[in-house]
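**Q** Generate coordinates for the sequence data below:
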Amino acid sequence: MARTIIVDGYNLAFASNSIRPALLEERQKGRQLLIELLAGYKKAFGYDITVIFDGAEGKERKADRARGIKVFYSKPPQNADRVIKDKAAVLKKTKALTVVTSDRELAHHVKGRQVEVIGSGAFLEKMEREMTRRGADKEKPGRIDVKEWMEYFGFKEKEGK
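**A** Next up is the predicted model:
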């Protein structure tokens with residue numbers, strides 16, 4: 001069963017020391033930084049990731065997809081917690097599901113429905129640890145880069161490779 005992660009968007013963004021200042025300066029910029037971070041994690045591990053934010057400046061917005069991340073905004077007066085609860089109730093039936101939030105009431109609600117919950121700070125640490133272990137946070141040279149550098153230093157690639 002594929003792992004699906006539902007993220008309480010602003011909760012995770014405010015838990016990040018690098019995203020929080022951008023979010024406070026300009027919400028869209030902060031949201032974009034969070035999506036970029038999650039997109040790197042998705043690329044490295046293949047998880048299905050959905051981020052849910054409280055309504056986009058009071059307007060209903062349909063689901064977006066940014067760099068493979070599904071992005072939803074709650075429809076005011078509904079908040080992101082309600083959307084997360086509803087999505088978790090549907091998705092847990094068919095997928096291994098994790099909800100990322102530090103909101104106690106939300107965490108208690110989804111845990112009671114046999115959904116894994118991880119706090120925002122713990123999730124950030126886990127992502128960093130897993131990305132570092134995998135080396136996904138470092139750019140790797142492509143085959144063409146290696147070939148160019150080998151030629152530059154006078155090494156020839158063996159025939160048949």
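**Q** Can you show me the strands along this structure?
**A** Assigned by DSSP state E, the strands in the chain fall at 3-8, 48-53, 64-66, 69-73, 96-100, 116-118.
**Q** The third one pairs with which strands, parallel or anti?
**A** Based on DSSP bridges, the strands next to strand 64-66 in the sheet, each with its direction, are strand 69-73 (antiparallel).
**Q** Let's test this: mean pLDDT of the strand it pairs with, rounded?
**A** Mean pLDDT, strand 69-73: 92.
**Q** Out of the strands of the chain, flag the one nearest residue 28.
**A** strand 48-53 (10.6 Å; Cβ to Cβ). Where C-beta positions appear, they are placed from N, C-alpha and C, glycine not excepted.
**Q** That closest one vs strand 96-100, what angle?
**A** 30 degrees (axes from the mean of the first three to the mean of the last three Cα atoms, to 10 degrees).
**Q** Switch the strands of the chain over to TSV; also include mean neighbour count and distance to residue 26.
**A** Listed next are these as TSV, based on neighbours: other Cβ atoms under 10 Å; distance: least, Cβ to Cβ, whole Å:
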stretch	mean neighbour count	distance to residue 26
strand 3-8	23	20
strand 48-53	22	14
strand 64-66	12	16
strand 69-73	21	16
strand 96-100	23	23
strand 116-118	17	28
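**Q** and those strands as JSON lines, adding distance to residue 19?
**A** Shown next, in JSON lines, are the strands of the chain (distance: least, Cβ to Cβ, whole Å):
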{"stretch": "strand 3-8", "distance to residue 19": "12"}
{"stretch": "strand 48-53", "distance to residue 19": "12"}
{"stretch": "strand 64-66", "distance to residue 19": "15"}
{"stretch": "strand 69-73", "distance to residue 19": "14"}
{"stretch": "strand 96-100", "distance to residue 19": "14"}
{"stretch": "strand 116-118", "distance to residue 19": "17"}
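**Q** Which one of those has the poorest average confidence?
**A** strand 64-66 (a mean of 75).
**Q** re the thing from before, so which of the strands of the chain is nearest residue 110?
**A** That would be strand 96-100 among the strands of the chain, by Cβ to Cβ, at 4.9 Å.
**Q** ok, residue 10 to residue 74 distance?
**A** According to Cβ to Cβ, to the nearest Å, residue 10 stands 11 Å off from residue 74.
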